[in-house]
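Student: I would like the atomic coordinates for the input below:
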Amino acid sequence: MAMEPRQPIMEQGTLIERRRELQVLDAAFRELRRTTDGAPRTRHRGLLAFSGSAGLGKTALITEARDRAAAYGLTVLSGRGGETEQGSAFRVVRQLVQPSLARMDGAELRAFLGTWYDIMAAVLGLEARGPAPAPDPTGVREGLDWVMTRLTVKKAPAVLLLDDLHWADAESLSWLASFASRVDDLPLLIVVAYRPEELPSETGELRTLLGGDRPHDLAHLTADGVAQIVRNEIGEEADDRFCKECWSATGGSPFEAVELAIGLAERKLRGTEHDLPTMRELAAAIKGPGLIERLERLDTATIRFAQTAAVLGSPFSPQLAATIAVLGDEAVAEATQALRAARILADRHGPEGELEFLHPLIATTIYRSIRTGFRVGLHNTAAQTVLAAGYGPTAAARHLLEVPCEGSPETVACLREAAREYLRAGATEAAGRLLTRALQEPPLPEDRAALLHELGCATFLIEPTATVRHLRQALEEPDVDPDLRASIVYRLTTALAHTDQLAEAVAVAAEEAKQAPNPRVKLRLQADQFVWSMVRTDDPDSPARSRTLARLAEQLPGRSLEERYILGLRAWDAAKRGEPRQTALAYAEKALRGGMSWTDENRGFEVPLSVALVFMYGDQPRRAEELFEKGIAECAGKGWHGSHLAFGQTIAGYVRYRRGCLAEAEDLVREGLRIADKVEGVVAAQLFGVSILIQTLLARGRVTEARALADEHHFGDMIPNAVIYPDPRTVYAELLLAEGRHAEAASLLSSVGDWLDKRAWRNPAWCPWQLHLASALVRSAPDEAVGQARDAVKRARDFGAASTIGQALHTLAEVTGGPAALGLYAEAVDHLEQSPAAYELARAQIGHGAALSRDGRLQEAADRLYQGLEGAVHCGAEALAARARAELSAAGMRPLPLRYAQADTLSTQERRTAELTVQGQSVEVIAKELHLTEQGVRQLLSSVYRKIGTDAAGLARSLESLPHRHYGH
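Tutor: Model prediction:
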């Protein structure tokens, strides 16, 4: 451990009257050092902020902080914003991490970054190993959090220093605002300095973080402070009046006071009244016009070198500046020496020989003094030079933004390539700026449609209305390549859908499909048309569209991706309409045969997601889970950690809910909601997540918690503008039922049913509105309740999934009541035992047991109730388990300990039973071979279906794909 300095480092120059700030830094460094050494942790803030206007010593304070941190044995990571480089995405982030990464060889660097390497390569300025994915903004933030956390742990304790934060690029600021709020648990201290009046207005989260009592506002020096600086340079005999005039001339600015004092010493002034005119002349030359006059006294080559440096931004490569300014090595050395002597450049240099201006004010003043025409020429030359020197298109692009439009194809090409690099880094705003400028250049006519398409893609996450405008213009261009046109249509219809223009999205896709030049493109456009038609709440003729889709799908073998998307849509439509599940499952399998990506940027993930859900509704949830796991992994591999991952997590939770794994479902859905809450504009993902979480909480008996969640998200007031699943209105009605508000639930469910029936969407597996309506009407209109339940049973039988039939029969039994219900309960249990729906089976078993108890058949009731109790406990359905115990107690029976431990693995006996079933053996034959009763075989099979997540139809495939860890003893 490095020793803490025994004496404070000498406070002089710009650090005079900064004792309080230095004490704050020392205290923070000591606390960081102590907590890392294992002392009890008391540090509660991981961020220190110093604010003040230009010239108040922020840079000097950050420099001193660097020295003191090193003296305490802390690792320092540092960066600085640049006034002319605010448009360079992740520039400050790269300053922070690149020096540490540069010390690692290739193998060490890949090991350090792991699976994040390819995702973060473009962000960190590294060379990607292959085609770089384009992460979403959430993925970029999480990747940077991960990299910075790993660096912190590797180099702990660490201090992150950021000077001129107000000039940092927007992407770095956005990440910092997110990361800084979570660093209190890391061995890391962030120290920032900024001008509050120049902090960008759009950095609301960062402003909040810096607000309150957090920033230490730097004060102007007092007259005594300036006098001390002056006397330190020219001697203690300087007059009081002279010193006070120095204070007045500098306004108490530490930077100006130090520069003035050095100038006085160089002129060998004594600080008398006679020296006042010279002092005022020197003070005027420190900044503004005076600084420029001082610069212009130097030779032409030195002036040109300084101006080129100001254009490049500090720090800068002297070799690059020399090339742009057309200066030889000797001239550069002389210019550097002269500018240092004039206190324009700092004496120090960077690790690779970079030079810096003495103060940001000097760079700003020189840059703004360059004549417009000459400055434009310097930027133009700089763009060509940095490109030729291998700095890449993004380094050149920031200079091209300062050059007037000239219709240069080379400029357009450079800006487009730089925009692609930014998109690969998830910097959509920076990419949008460059593509907008490229469009103004303008491009060649034959490139205009492609450029508009790229601009539309870049603005989609930021401003979808602008995306619509750009892509409509792209479609108006002549002779657009058919594949490009199809991609434009996909992006346009997606943007229209996201801006509540679903009808227009359908119309655009339909019109383009009519004009498609070949069958392949036509199919792709028809798929877009069907996707948006199916999610419209105001589809004028849903049955007719379904018939068209069915006729089209019948003709397709599924060889191309376009054909497979149509087949996938047909599978989803068949499932919602309640056609035989064999039909829906067959189309789903056919759609998957040639592969279907979840991350195709020109197709979306709606169709692969819907295909996976077909398996879930068709009683093969394990297959759905496999597809979701693959899709989530694909999204994560591309760095898509926003809306895609939010949907993936919540839907994975929905599948677990349908299987009856309620605790797992709740955890997955909460994680999906956590992700959705971090992403702007993902209302559908939030609505979807809240719907599933309410259902899960109700299944677990936590009605009050479900109501609080609904109220928090104003769930009862949310009317979706697109069809999503599960239907939020049906879920809200389920909540009303749980609260005993039957009349309100019945009214809401009746309207949902009318709407769904008009669309011919009749599958109770997808939307069980009739089941809930029957439950809502049982007291006020029992005959109607029975009628609704019977119709739901018929629809469930038409679809053919055992879980859906069993659930419908259970509801029919409940609303029928009396002895007549006993046969319905028994049939419901029989169907549910052949399904993977563990929670619904437990419900039916407990309902059946209660009915048997009321009928006086206590032994049968006990068996059913014990079975249901065990299932409810394993599902995590606490309230359902409590009901089972209450029914047992009311019948005079004492609940017994659970007979079977909860396990996901198949026992040897269960495995053998499953294998014999797949071989086509009957229950009777299996019973004889295993020396069991037929009822025992049925119970083993029921356990198999629930554990591996399938019914009999999917058993063979599931057994083949089951990992060995699922086999027990």
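Student: As a check, name the ranges of all helices in the stretch 551-700 of the chain.
Tutor: Secondary structure of the stretch 551-700 of the chain, counting by DSSP state H, counting those that start in this stretch: helices at 561-577, 581-592, 606-617, 621-637, 643-659, 662-678, 683-699.
Student: To which secondary structure element is residue 95 assigned?
Tutor: In this assignment (DSSP states H and E), residue 95 forms part of helix 91-102.
Student: for residue 347, that is, sorry about that
Tutor: Going by DSSP H and E, residue 347 is part of strand 345-349.
Student: Counting by contacts, list what that strand packs against.
Tutor: For strand 345-349, the elements it packs on are helix 329-341, strand 355-357, judged by 3 or more Cβ pairs under 8 Å, 6 or more residues apart in numbering; DSSP states H and E. No exception for glycine: its C-beta is placed from N, CA and C like everyone else's.
Student: Could you dump those into TSV with mean pLDDT, distance to residue 200 and mean neighbour count added?
Tutor: What follows is the helices and strands packed on strand 345-349, written out as TSV (pLDDT from 0 to 100; distance: least, Cβ to Cβ, whole Å; neighbours: other Cβ atoms under 10 Å):
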stretch	mean pLDDT	distance to residue 200	mean neighbour count
helix 329-341	95	31	17
strand 355-357	92	22	22
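Student: will you turn those into CSV that also has distance to residue 317?
Tutor: Shown next, in CSV, are the helices and strands packed on strand 345-349 (distance: least, Cβ to Cβ, whole Å):
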stretch, distance to residue 317
helix 329-341, 11
strand 355-357, 8
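Student: Compare these and give me the one nearest residue 201.
Tutor: strand 355-357 (26.8 Å; Cβ to Cβ).
Student: give me the low-pLDDT residue ranges for the stretch 701-850 of the chain?
Tutor: 718-725 (pLDDT under 70).
Student: one more time with 90
Tutor: By pLDDT under 90, the weakly predicted segments of the stretch 701-850 of the chain are 713-728.
Student: Which parts of it are helices?
Tutor: Going by DSSP H, counting those that start in this stretch, the stretch 701-850 of the chain shows helices at 703-712, 728-738, 742-758, 769-777, 782-799, 802-816, 820-833, 838-854.
Student: Next secondary structure after the last one?
Tutor: What it means is helix 838-854. Downstream of helix 838-854, the next assigned helix or strand under DSSP H and E is helix 858-875.
Student: which residues touch that next one?
Tutor: Contacts with helix 858-875, where a contact means Cβ atoms under 8 Å, 6 or more residues apart in numbering, come from 660-662, 699, 829, 838-839, 841-850, 852-853, 878, 880-881, 884-885, 887-888, 891-893, 895-896, 898-900, 902.
Student: in the lowest-mean-pLDDT helix or strand in the chain, what counts as buried?
Tutor: In the chain, no helix or strand scores lower on mean pLDDT, DSSP states H and E than helix 204-210, which sits at a mean of 72. Across helix 204-210, burial judged by 16 or more other Cβ atoms under 10 Å covers 206, 209-210.
Student: ditto for stretch 708-718
Tutor: So for stretch 708-718, counting by 16+ other Cβ under 10 Å, buried means 709-710, 713, 715-716, 718.
Student: again with stretch 269-288
Tutor: Quick answer for stretch 269-288 (16+ other Cβ under 10 Å): 269, 271, 275-276, 279, 282-287.
Student: And the contacts of it?
Tutor: Counting by Cβ under 8 Å, 6+ apart, 55, 230-231, 234-235, 237-239, 241-243, 245-246, 249-250, 255-256, 259-260, 263-264, 267, 290-291, 293-294, 361-362, 365 sit against stretch 269-288.
Student: Show me those that map onto strands.
Tutor: Judged by DSSP state E, the subset of those located in strands is empty.
Student: From those residues, keep the buried residues only.
Tutor: 55, 230-231, 234, 238-239, 242-243, 245-246, 249-250, 255-256, 259-260, 263-264, 291, 294, 361-362, 365.
Student: coming back round to it: quick one: list the elements packing against the helix holding residue 95.
Tutor: Going by 3+ Cβ pairs under 8 Å, 6+ apart, helix 91-102 lies up against strand 75-80, helix 117-124, helix 137-155, strand 158-163, helix 170-180.
Student: Next, the angle strand 75-80 makes with the third one.
Tutor: When you say that, I think you mean helix 137-155. If you take axes from the mean of the first three to the mean of the last three Cα atoms, to 10 degrees, helix 137-155 sits at 140 degrees to strand 75-80.
Student: List the buried residues of stretch 838-858.
Tutor: Buried residues in stretch 838-858, counted by 16+ other Cβ under 10 Å: 838-854.
Student: Dump the C-alpha coordinates for that stretch into CSV.
Tutor: C-alpha atoms of stretch 838-858 as CSV (Å, rounded to 0.1, in the frame of the first residue of the first chain):
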residue,chain,number,x,y,z
ALA,A,838,-49.2,-28.0,-13.2
TYR,A,839,-51.0,-25.1,-11.7
GLU,A,840,-54.3,-25.7,-13.5
LEU,A,841,-54.1,-29.4,-12.6
ALA,A,842,-53.7,-28.5,-8.9
ARG,A,843,-56.7,-26.1,-9.1
ALA,A,844,-58.8,-28.8,-10.7
GLN,A,845,-57.7,-31.4,-8.2
ILE,A,846,-58.6,-29.2,-5.3
GLY,A,847,-61.9,-28.2,-6.8
HIS,A,848,-62.7,-31.9,-7.4
GLY,A,849,-61.7,-32.8,-3.9
ALA,A,850,-63.9,-30.1,-2.4
ALA,A,851,-66.9,-31.3,-4.5
LEU,A,852,-66.3,-34.9,-3.5
SER,A,853,-66.1,-33.8,0.2
ARG,A,854,-69.4,-32.0,-0.1
ASP,A,855,-70.9,-35.1,-1.6
GLY,A,856,-69.7,-37.2,1.4
ARG,A,857,-67.1,-39.2,-0.5
LEU,A,858,-64.4,-38.4,2.0
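Student: Give me the angle between the helix holding residue 95 and helix 137-155.
Tutor: Relative orientation of helix 91-102 and helix 137-155, computed by the same axes, to 10 degrees: 40 degrees.
Student: Following the chain past helix 91-102, name the next helix or strand.
Tutor: helix 106-113.
Student: for that next one, which positions count as buried?
Tutor: Using 16+ other Cβ under 10 Å as the burial criterion, the residues of helix 106-113 that qualify are 112-113.
Student: Who are the packing partners of that helix?
Tutor: With contacts taken as 3+ Cβ pairs under 8 Å, 6+ apart, helix 106-113 sits against helix 117-124, helix 137-155.
Student: okay, the angle between that helix and helix 137-155?
Tutor: Computed by the same axes, to 10 degrees, the angle separating helix 106-113 from helix 137-155 equals 110 degrees.
Student: mind checking how far helix 106-113 is from the chain centre?
Tutor: Chain-centre distance of helix 106-113: 25 Å, with Cα atoms, centre = their mean, to the nearest Å.
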